[in-house]
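> Just a sequence and a predicted model for now, questions to come.
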Amino acid sequence: MSDETQVEAMFAQVVADFGTVDIVVANAGLQRDSAFASMTLYPGFATNG
């Protein structure tokens, strides 16, 4: 999940298959204090790469 293009494609496929994403659980990663809206994909998923 460290490749932003693959993550975007995954969500596009989920929306195409199911119509919506109701909840996403991120169950791994490291603590980086920041407002969620200002986080970029890379720091949020750095441990999954």
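Cool, the structure landed. Numbering: from 1, shown residues only.

> contacts, neighbours, all on C-alpha from now
OK.

> residue ranges of the helices in the chain, please?
With DSSP state H as the definition, the chain shows helices at residue ranges 4-18, 41-44.

> Buried residues of stretch 7-24, list them for me.
Within stretch 7-24, not a single residue qualifies as buried, counting by 16 or more other CA atoms under 10 Å.

> if we can go back for a sec, could the helices of the chain go into a markdown table alongside mean pLDDT and distance to A35?
Formatted as a markdown table, the helices of the chain follow (pLDDT from 0 to 100; distance: least, CA to CA, whole Å):
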| stretch | mean pLDDT | distance to A35 |
| --- | --- | --- |
| helix 4-18 | 91 | 19 |
| helix 41-44 | 58 | 11 |
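
> Would you format the ones you listed as CSV with distance to V24 included?
Listed next are the helices of the chain as CSV, based on distance: least, CA to CA, whole Å:
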stretch, distance to V24
helix 4-18, 10
helix 41-44, 14
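
> out of the ones you listed, nearest to A26?
In terms of CA to CA, the element of those nearest to A26 is helix 41-44, at 9.4 Å.

> how close does E8 sit to V14?
From E8 across to V14, the span is 10 Å (CA to CA, to the nearest Å).
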